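# take a look and give me a structure for this.
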Amino acid sequence: MKKTYGIIGAGGFGREVMPFARQMLDALHGRGSYELVFVVEFGSTEPVNDVRVMTADDFLRVGGERSFNIAIADHAARKRIADRLMDDGAKPFSVIAPNSVLGDANEIGDGAILCPFTMVTSNARIGRFFHANIYSYVAHDCVIGDFVTFAPGVKCNGRVRIEDGAYIGTGAVLREGSPDRPVVIGAGAVIGMGAVVTKSVPPGATVVGNPARAMGAQ
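Down below sits the predicted model:
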């Protein structure tokens, strides 16, 4: 019986992830030895880009081994879906583009998506279900929690700590911290598009601008 891999979410990001997920799985297993599908919680199950679409319930009823990744930006939705699928016996798998660059001594949790032209340099620790969109990088000695999202072009420099569920917007720059004083992005914080973060951000805060400040601050 073929192993079934599901990409949860057939929207824009899911459609971007699907081709390099297929490339990765072809290299690992050989084309035709597995099935790769989109999985949706609701809506149409008509094929998308010639790829089969299944409901989550149907995916969980598939016989044999089922593995999944979640191509949805919202961290709370990712966590809810991951918990449900793992409770029902499906296993997370990471999707890593063939031209991503991974250096030495990194730890990356299950369910990551590393899009084309991304990099994790060295000695980084990254939690579960991390998204690194195109042209993003994580530099040395960074520590990243679970369900963190990098939009395209994020520059996360060395010794930055990002807590669970944070969202880092397109083109944001996170300044390098020091060994005894890392830059900390608190849990659930949102870093706006193009923001330049020069100091730590509290949990749940939204910051914008250069240098980044809380929204509404003078």
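# how about the closest residue to F38 other than its chain neighbours, secondary structure?
Excluding its sequence neighbours, the residue lying closest to F38 (CB to CB, 6 or more residues apart in numbering) is A10, at 4.0 Å. To be clear about C-beta, it is placed using only N, CA and C from the backbone, and glycine gets the same treatment. Three-state assignment for A10 (DSSP: H, G, I helix; E, B strand; the rest coil): coil.
# repeat that for the one 10 residues further on.
Following three-state DSSP, the label given to F20 is helix.
# distance-wise, check it relative to R80.
Distance of F20 to R80, given as CB to CB, to the nearest Å: 25 Å.
# between these two, who's got more neighbours?
Using other CB atoms under 10 Å, the more surrounded residue of F20 and R80 is F20, with 19 against 14.
# so that one is in contact with P98, correct?
Yes. At 6.7 Å, F20 counts as touching P98 under the criterion of CB atoms under 8 Å.
# next, show the common contact partners of the two.
Taking CB atoms under 8 Å, 6 or more residues apart in numbering as the criterion, F20 and P98 both touch P116.
# quick one, domains of this protein?
For the chain, automatic domain parsing gives the domain ranges 3-93, 94-209.
# as TSV, those with mean pLDDT would be great.
Listed next are the domains of the chain as TSV, based on pLDDT from 0 to 100:
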stretch	mean pLDDT
domain 3-93	96
domain 94-209	98
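# of those domains, give the one that comes closest to M215.
domain 94-209 (5.0 Å; CB to CB).
# what residue is smack in the middle of this protein?
H131 (1.5 Å; CA atoms, centre = their mean).
# pretty sure that residue is touching I113, no?
Yes. At 4.9 Å, H131 and I113 qualify as touching, with contact defined as CB under 8 Å.
# any idea how far T55 is from L114?
27 Å.
# which one of those two has more residues nearby?
Legend: neighbour count by other CB under 10 Å for L114 and T55, higher for L114 (28 against 14).
# okay, and the beta partners of the more buried one?
I96, A132 (DSSP bridges).
# contact partners for it?
Going by CB under 8 Å, 6+ apart, L114 touches 94-97, 100, 102, 120, 132.
# then C115?
Counting by CB under 8 Å, 6+ apart, C115 touches 16-17, 20, 97, 100, 131-134, 136, 152.
# among the domains of the chain, show me which one is buried the most.
domain 94-209 (a mean of 20; mean count of other CB atoms under 10 Å).
# for it, measure first residue to last.
By CA to CA, to the nearest Å, the extent of domain 94-209 from end to end equals 33 Å.
# equivalent analysis for stretch 69-80, please.
Start-to-end, stretch 69-80 (CA to CA) is 13 Å.
# repeat that for stretch 116-129.
End-to-end for stretch 116-129, by CA to CA: 17 Å.
# stretch 57-76 now?
End-to-end distance for stretch 57-76, by CA to CA: 20 Å.
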